[in-house]
Every structure is written in C-alpha cells, then in structure tokens.
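just coords:
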C-alpha cells in the first residue's frame, strides 16, 4: 500500500475515534444542561467579533464560557476575556482544526453544570473542521459579505455539516456590492432549508435575532435527560 | 500505537513522497524555462480576481497558463478562461490542499516549453497548503484588508513558506479601518524581510509593480540550465 491510501485509512480511524469522543462530550453537555455552540468559518470572517458581542450580551443573563482555537497566539482569548466570561485558548500548532480530544482536555477542571452556554470557536478553515464532530448542539457556519457569494458552492461540506449560517459584516454589504439573493440561493442549493442570519457585530444589526434563537435553545438544553 | 501518532507517521511519508514529486516538477519547470507561481490564501481573499487581472495583462506579451484548485465547482476555471489563457481546474473533493501529484496529473498533455508563466491557484486555506511543495519558483500569500491585521500571527506557517505577500482589496482599506502599519509589523515579525505588495485588482492599484516583478523573473527562468 502506498502512503496516500494508508493516509486515508488511518484518517478514517482517527475520525472514528473522534466520533466516540464527541458522543461522550454530547452526553456530558446533555447531562450538565449546557448548550454547546461551535463556530466555523474562513480566517477573517469575523468569528471573534461575533462571539465577543454574543458573550457580552448573554453573560448579563446567563452563565457563559468559551473555548477558542488557533494555530498560534492567544490574542483571541485575551480579546474575548474582555467580555467578562471564562475563556480558554486551544493552541493547535500546525493542526488545522479542533477535535474532540482537544475539547475534553480544554474542559479539564471546568464544572459544566455551572454553565448555560459553551461556545467553541474553531480554527479559521472552511475545509478540515467539517469532518470533526465536537459533540456540539449547534454548529454555526459564518461567511462574511467580503468573501464572495460563491463560497457555499466551493466549500459545500462545511455548509452540509452546519445547522445554521450567518452572513457577517453586513455593514460592508453595499461597499463590496454583496449580492444577498445570490448568496442565499447558493446556501439553499447546498443545504436546502438552512436558516440564514444576516448580521453585523459592528452595528449590532441582526444580533438580536441570534440572541433570541440562543435563548430559545436553553429550554431544549434544560429538558430532563432521557434514559 | 494509537491512531493519532500513526496519522502523524503516515503524513510524514506522504510529505516525503510529495517532496520528491515537487523536486521533479521543479526540474521540469527549469528545463522548460517556465516560471511557476503558486497563490495561497484564505477563501475569499481575492486570489481569482488577482489572477484574472494578472492573466489578462500578461497574456498580451507572454505565453501564460493557469491551474486552479477547488474542492468543488469549476466556476473559477470558467471565470479565468475569460482572460484568454489556457486554464485547467483541479477539483480536490474533500482534500484541503493541492499536492505535487495533482499538478503532475493536471499538466498531462501540456507542452511546458510553450509557456513563459504557469500560475497555480491553491484551495482557499491558510493552513494545509503550507506543507505541500508544488515545485513552484515563487509562492505568493495573499491576505485581504477585510480579514484583519493579525492573520500573519495566527497563521505563521503559511507566511514562513511563502516568498512574497500581497495585501489585497486595498480599495476597501478605508471602509474597514485597515491598519497597514500593524499588518506590516505582523508580517515582518513572522517573516523578517519579506516583500509585501499592496494591491487592488478592482482599481488596478499596485498591480503594475506585481507585473514588473513577474517580468523581471522571466530572465531568471530563461537562464541556461546548469548541470
């Protein structure tokens, strides 16, 4: 067997292992009644600004924490900590995505029952994170108006595996000539029926809808655990 | 051995194989006197617009062709073909980067001696393409003003492996409050001495410097092959 098929085979085993870890994380989140949200996007789509806004609003009424993945630096962790919620950095080195084991390790010592929401900001990458289940309740894919309307067609897998999409930096839509109808059509063609938010973390536009959606999910997380 | 260390070991073998293929590609480019340029960036940084502009100007005076990598769709290939140069799409499926074998396969049947420049547009990804040598003479990393000045710090490897950087969408710099000095400082801190272009494929600003730089490289490609 040459190296390439062997890589595919070993990668399959890694993903199978990850699925088991993610299943265990999902059980832990359910039992602790914490609602876990992961954020995926390209580098520079505005995940951190979006999350900073979200934390600063939610932590007035709820117990909120975040994990933030990057290849290098803890800049995002420092930036998010300003919102006043507990935040931990996961530094992945050369690894292009977060996986379940990294989440387990990062949660070490945290009492999940003391939380309502846990946010997980993935490494900026529209490809690799799509394969790794993190046990999250909701996966949000973000794309900014500056990236072009065709991204869902060019990176379909990440849209397939997401539960919700947010088009970010709407304050720049006019300046970049963003074609909202084309973007919506492209998202719907790869993921029919997916809900799409239009937001700007700068102006706050659309963020109320997002926060309301999150709060409605708390009821779901607070359901008694079956079995 | 668990799956994770085995993945690392197999990946090392894949990269070693890729290095051999890339070495062979480099020899072929040198012997054919073709100057090969690869483009790497996040999704939506404007690689295709930059390349479209480059091809449309260069092909008036030189023999130019391009390979363009995407997970899905041949939209970029169609778009680039409008510039009038031969273009071939490499569709990678779920693979997050181009590798040497994909380039060899895509070049099949092309007479390299009939070309002056070959451009290779990688999959939009600031992480994985950094590990794969494609035998190119020059690797250009692009980042747009809308992505934030911190990208070099957060994705250092891709800047380490690049020869030249271009800050794109300069026409939007004022609208997004881009801090050029901070971006330059961040690039220089991860890759001291790297030349940085400031360009807009929309207005053409800075593109003359890029085209002049490319033309100066032709002399290099046309040197007699040593040994």
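Nice, thanks for sending it over. Predicted, not measured: the structure shown is a model, and the values here were computed from it.

Surely residue A:122 touches residue A:95?
No - assessed by Cβ atoms under 8 Å, residue A:122 is found out of contact with residue A:95, at 11.2 Å. All C-beta spots, glycine's among them, are computed from the backbone N, C-alpha and C.

Who has more neighbours out of those two?
For residue A:122 versus residue A:95, the count of surrounding residues by other Cβ atoms under 10 Å in any protein chain shown is larger for residue A:122: 28 against 15.

quick one: that one from chain B, how far?
12 Å (Cβ to the nearest Cβ, to the nearest Å).

Which residues are in contact with that residue?
Counting by Cβ atoms under 8 Å, 6 or more residues apart in numbering or on different chains, residue A:122 makes contact with A:38-40, A:47, A:69, A:97-98, A:129, A:134.

For residue A:195, which non-adjacent residue is spatially closest?
Leaving aside its chain neighbours, residue A:195 sits nearest to residue A:164 (5.4 Å; criterion: Cβ to Cβ, 6 or more residues apart in numbering or on different chains).

in stretch A:205-223, what's buried?
A:206-207, A:210, A:214, A:217, A:221 (16 or more other Cβ atoms under 10 Å in any protein chain shown).

Ok, stretch A:83-94 next?
Neighbour count says stretch A:83-94 has A:83, A:85-90, A:92 buried, by 16+ other Cβ under 10 Å.

How about stretch A:20-30?
Buried residues in stretch A:20-30 (16+ other Cβ under 10 Å): A:21-22, A:25-26, A:28-30.

same check, this time on stretch A:143-158
Buried residues in stretch A:143-158 (16+ other Cβ under 10 Å): A:143-158.

Just the residues you listed: which are in helices?
In this view, those that belong to helices under DSSP state H are A:151-154, A:156-158.

now the strands for chain A?
Per DSSP state E, chain A carries strands over the ranges A:35-40, A:64-70, A:87-91, A:117-121, A:138-144, A:164-168, A:195-198.

For the nearest residue to residue A:143 once chain neighbours are set aside, list the residues it contacts.
Distances taken as Cβ to Cβ, 6+ apart place residue A:151 nearest to residue A:143, at 5.1 Å, with adjacent residues excluded. Contact analysis of residue A:151 by Cβ under 8 Å, 6+ apart lists A:42, A:126, A:143, A:186, B:43-44.

For ChimeraX, write the selection for the buried entries among those.
Entered in ChimeraX, the line below selects the buried ones among the contacts of residue A:151, by 16+ other Cβ under 10 Å:
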select /A:42,126,143,186 /B:43,44
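
Tell me where the model's unsure across chain A.
The model of chain A has pLDDT under 70 over residues A:1-3, A:224-227.

pull the longest helix from it.
helix A:3-31.

Mind checking if that helix is in reach of chain B?
Yes - Helix A:3-31 lies within reach of chain B by Cβ under 8 Å from any Cβ of the partner chain, at A:3-4, A:6-7, A:10-11, A:13-14, A:16-17.
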